[in-house]
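Q: generate coordinates for the sequence data below:
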Amino acid sequence: MTGSLYELDDFGEAMHIKWKNLILPAVVLGIRPLAVVIQLMRNSLLEVFNQDYIRTARAKGLSEFQIIKKHAVKNALNPVVTAISGWFASMLAGAVFVEYIFGWNGLGKEIVNALNTLDLPVIMGAVLVIAVLFVIINIFVDLIYVWLDPKVKLK
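A: Alright, predicted model coming up:
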């Protein structure tokens with residue numbers, strides 16, 4: 001099958017990932033969240049730049065790069081991390097459609113086939129796998145919050 005994620009080599013013995021076939025699905029899944037995250041990061045950085053500690057850092061004579069690197073980015077990332085964690089749900093739902101449209105054999109295509117045939121155990125298993133993925137993502141986001149903001153503590 002052309003356009004598939006995996007293709008056989010010339011002798012039909014081994015399967016290799018075709019990286020060129022990842023470009024269009026990655027663009028389809030990532031372009032909208034990327035635009036929103038970039039806009040949110042810009043707005044968050046502009047808000048942080050108006051804070052007193054940034055003015056103090058400028059008064060100390062730090063370069064703009066040092067101010068952005070050491071002071072602004074870490075404080076501006078909290079709302080961005082929150083937004084990114086929320087986008088995982090839509091990207092996972094979008095992955096189901098992308099797999100089906102591009103003909104990839106994965107969990108998304110299996111979910112669509114199970115819904116067409118009313119195969120309830122497969123649907124329940126897929127929902128369970130997706131739920132576990134969300135729990136893992138949320139735990140990872142909580143750990144990122146602790147790393148970004150020292151006032152947030154794990155108990």
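Q: all strands for this protein, in order.
A: Assigned by DSSP state E, the strands in the chain fall at 6-8, 15-17.
Q: mean pLDDT for these: which is lowest?
A: Here the lowest mean pLDDT among the strands of the chain goes to strand 6-8, at a mean of 66.
Q: low-confidence ranges in this structure?
A: 1-14, 16, 154-155 (pLDDT under 70).
Q: can you show me the helices along it?
A: Ranges of helices in the chain, per DSSP state H, are 23-49, 52-59, 64-67, 73-102, 107-117, 120-148.
Q: in a markdown table: those, plus mean neighbour count and distance to residue 17.
A: C-beta here means a position set from N, CA and C on the backbone, and glycine is covered the same way. Listed next are the helices of the chain as a markdown table, based on neighbours: other Cβ atoms under 10 Å; distance: least, Cβ to Cβ, whole Å:
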| stretch | mean neighbour count | distance to residue 17 |
| --- | --- | --- |
| helix 23-49 | 14 | 13 |
| helix 52-59 | 13 | 44 |
| helix 64-67 | 13 | 37 |
| helix 73-102 | 16 | 14 |
| helix 107-117 | 16 | 17 |
| helix 120-148 | 13 | 21 |
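Q: in TSV: these, plus distance to residue 15.
A: Below are those laid out as TSV (distance: least, Cβ to Cβ, whole Å):
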stretch	distance to residue 15
helix 23-49	18
helix 52-59	52
helix 64-67	45
helix 73-102	17
helix 107-117	17
helix 120-148	23
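Q: leaving out the residues flanking it, which one is nearest to the residue nearest in space to the middle of the chain?
A: Central residue of the chain (Cα atoms, centre = their mean): residue 88, 5.5 Å from the mean position. Closest residue in space to residue 88, ignoring its immediate chain neighbours: residue 137 at 5.3 Å, by Cβ to Cβ, 6 or more residues apart in numbering.
Q: just checking, that neighbour touches residue 87?
A: No. The criterion here is Cβ atoms under 8 Å, and residue 137 misses it with residue 87 at 10.4 Å.
Q: mind listing what's buried along stretch 147-154?
A: Across stretch 147-154, burial judged by 16 or more other Cβ atoms under 10 Å covers residue 148.
Q: send me that stretch as PDB with only the CA atoms.
A: Output of stretch 147-154 as PDB, limited to C-alpha atoms (Å, rounded to 0.1, in the frame of the first residue of the first chain):
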ATOM      1  CA  TRP A 147       9.400  21.800  37.800                       C
ATOM      2  CA  LEU A 148       8.200  25.200  36.400                       C
ATOM      3  CA  ASP A 149       6.900  26.700  39.600                       C
ATOM      4  CA  PRO A 150       8.600  26.000  42.900                       C
ATOM      5  CA  LYS A 151       5.500  27.100  44.800                       C
ATOM      6  CA  VAL A 152       3.700  24.000  43.600                       C
ATOM      7  CA  LYS A 153       4.500  21.100  45.800                       C
ATOM      8  CA  LEU A 154       3.700  17.400  45.400                       C
END
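Q: I appreciate the help and will end here.
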